[in-house]
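Enquirer: okay, predicted coordinates and the sequence, questions at the end:
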Protein chains: 2
Amino acid sequence: MNDVRDEIDPAAIEGLRSRALDLAAEARSLIRQALSRGFTVKRKPDRSYVTSADLLVEQRLRALIQEWFPDHGVLGEEFPPWRPDAPFQWIFDPIDGTEDFVQRVPTFGSIIALHYHGQPLVGVLDHPHLDLCLSATHRRGTFRDGARVQLGDLAESAMDGSERLVLSARANFTRYRDDGSLFDALTRIHPNHRIYRTCYAHALAVIGAADAAVDWGNRVWDLAATRILVEEAGGTYATVQRYTSSGGATIYSAVFGRPALVARLVAELGQRANMPPAG
Amino acid sequence: MNDVRDEIDPAAIEGLRSRALDLAAEARSLIRQALSRGFTVKRKPDRSYVTSADLLVEQRLRALIQEWFPDHGVLGEEFPPWRPDAPFQWIFDPIDGTEDFVQRVPTFGSIIALHYHGQPLVGVLDHPHLDLCLSATHRRGTFRDGARVQLGDLAESAMDGSERLVLSARANFTRYRDDGSLFDALTRIHPNHRIYRTCYAHALAVIGAADAAVDWGNRVWDLAATRILVEEAGGTYATVQRYTSSGGATIYSAVFGRPALVARLVAELGQRANMPPAG
């Protein structure tokens, strides 16, 4: 199979991974400073939170990327895209789960990804308060600190209602359009669920502490690191919905984790929703 | 108002709090050892998990209590009650959230309470992996490490759907009898929710990182520390359901947190369920 990412020299990929981890370490350091020294909090028009720490971290990472890779693009939550047509695109969310960050609930984190011609090359999820950092690179595996992450599959017999699912809050299922009935169906079929914010929920599915995750109604930076982290760990990732919101934003919903449960969830969602084609 | 707990000398209460914290420290030490050295895992007939660490911690805490307070009773999850008629009862869950403990999801913790003639005198919630310890004593406040916890109320205008609710998984609402419709109603009315295991969910409501918690279908040791922690922080606690399961166990459901939201939740639940009298 032709994969555009195979054009890039493996040693170069390793260097890019190393830079992505440098960015995560810089974000972690700034986030910890903000937690100890304090930060300001505002609510955006959509009622979501933004803090001085979100802005500071995004500005700092943008500056580092522009210094290290002047011909790469940057796509982040709080500022306009930079070089949107460049083949290499850094896509990140400086603090994912800002509401939890504001409340000092430790599940927030930084999402950092590098895509090449639209395909993920490097993905990092870092949780400064939980000391949990995951990274993946194309054809080189997923790692939790120094240890390779290998995600086993789930036997059919283990999908008896005790399977562990992490999912978005119902608010995510109704934010852009009313998919609340899908939340209701998922929580009924899979009653042993947890609800965390994106970054940590993704991490749980990557390391297998949850069997799968369903994350609904996201922007591109929320999901940019997850596909490669899951796939390089041996799991599967499926975009189950993609559409343009009334505000012009592309909204993604995804299911990922252990292959057998992902397949079952995709089928369950497909039966209940008129899903547009998604890749 | 006559409160049986006022019979006890305040200095004696302080000594009991100190012992409760000693028990939590001992549990924390054993749990951390188990996490680093490993532990065995079994599933009980009800499919819940029990590990060698649960058993070890409970046995150790029982031995310490019997050594320090030979005339006190002990009620724990894994072993039969000790001196069930004694006025002082230590009630604890050595590792609450065992399934998360098994998966090393850091929201598990120890719940330790001392009741006197059925009224809570001391409550402790300790999270060994999050370094988060909460304690409360009768008429002496709730503390997070050395700092007093004061739970403000929520304005009516803030209960607009963005209020933060933590609740049990749907599995808790259907474990003993089918209260699934209550889960469905709560998640619709309060879409900005999280689902964590008991111990950490309670802690979030105690410190105000969540505005309230709804915890459904619990045994006495799950809730034994929470009432005093919430009330001494300035919040309210309501037992909204209490009944005897087909297996003979008393099952409790409770709502607690910021007073205005607790009042609203109690009313919402009351409209939807035929609740037996509860205190």
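Expert: Cool, got the structure.
Enquirer: could you pull out the strands for the stretch 1-150 of chain A?
Expert: With DSSP state E, counting those that start in this stretch as the criterion, the stretch 1-150 of chain A has strands at A:41-43, A:49-51, A:73-76, A:88-96, A:109-116, A:119-127, A:132-137, A:141-144, A:147-148.
Enquirer: distance to B:Ile251 and mean pLDDT added to those strands, as TSV?
Expert: From N, CA and C alone the C-beta is placed, and that goes for glycine too. Formatted as TSV, the entries for those read as follows, by distance: least, C-beta to C-beta, whole Å; pLDDT from 0 to 100:
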stretch	distance to B:Ile251	mean pLDDT
strand A:41-43	39	93
strand A:49-51	37	93
strand A:73-76	48	96
strand A:88-96	37	97
strand A:109-116	36	98
strand A:119-127	35	98
strand A:132-137	35	97
strand A:141-144	38	98
strand A:147-148	41	96
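Enquirer: make a markdown table out of those strands and add mean neighbour count.
Expert: Below are the strands of the stretch 1-150 of chain A laid out as a markdown table (neighbours: other C-beta atoms under 10 Å in any protein chain shown):
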| stretch | mean neighbour count |
| --- | --- |
| strand A:41-43 | 12 |
| strand A:49-51 | 19 |
| strand A:73-76 | 21 |
| strand A:88-96 | 27 |
| strand A:109-116 | 27 |
| strand A:119-127 | 24 |
| strand A:132-137 | 24 |
| strand A:141-144 | 18 |
| strand A:147-148 | 10 |
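Enquirer: save those as CSV, and put in distance to B:Phe143 too.
Expert: Putting the strands of the stretch 1-150 of chain A into CSV (distance: least, C-beta to C-beta, whole Å) gives the following:
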stretch, distance to B:Phe143
strand A:41-43, 25
strand A:49-51, 27
strand A:73-76, 40
strand A:88-96, 29
strand A:109-116, 28
strand A:119-127, 27
strand A:132-137, 28
strand A:141-144, 34
strand A:147-148, 37
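Enquirer: any chance of a markdown table for the ones you listed, columns distance to chain B?
Expert: Converted to a markdown table, these look like this (distance: least, C-beta to the nearest C-beta, whole Å):
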| stretch | distance to chain B |
| --- | --- |
| strand A:41-43 | 9 |
| strand A:49-51 | 10 |
| strand A:73-76 | 24 |
| strand A:88-96 | 15 |
| strand A:109-116 | 13 |
| strand A:119-127 | 10 |
| strand A:132-137 | 9 |
| strand A:141-144 | 11 |
| strand A:147-148 | 13 |
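Enquirer: leaving aside the residues adjacent along the chain, what's closest to A:Ala158?
Expert: Here the nearest residue to A:Ala158 in space, its sequence neighbours aside, is A:Asp211; by C-beta to C-beta, 6 or more residues apart in numbering or on different chains that works out to 8.0 Å.
Enquirer: quick one: that neighbour from B:Ala171, how far?
Expert: Taking C-beta to C-beta, to the nearest Å as the measure, A:Asp211 and B:Ala171 are separated by 14 Å.
Enquirer: swap in A:Asp3?
Expert: Using C-beta to C-beta, one gets 41 Å for the distance from A:Asp3 to B:Ala171.
Enquirer: between the two, which is the more surrounded one?
Expert: Comparing A:Asp3 with B:Ala171 by neighbour count (other C-beta atoms under 10 Å in any protein chain shown), the higher total belongs to B:Ala171, at 19 against 10.
Enquirer: who's in contact with the more buried one?
Expert: The contact partners of B:Ala171, by C-beta atoms under 8 Å, 6 or more residues apart in numbering or on different chains, come to A:Gly161, A:Pro191, A:Asn192, A:His193.
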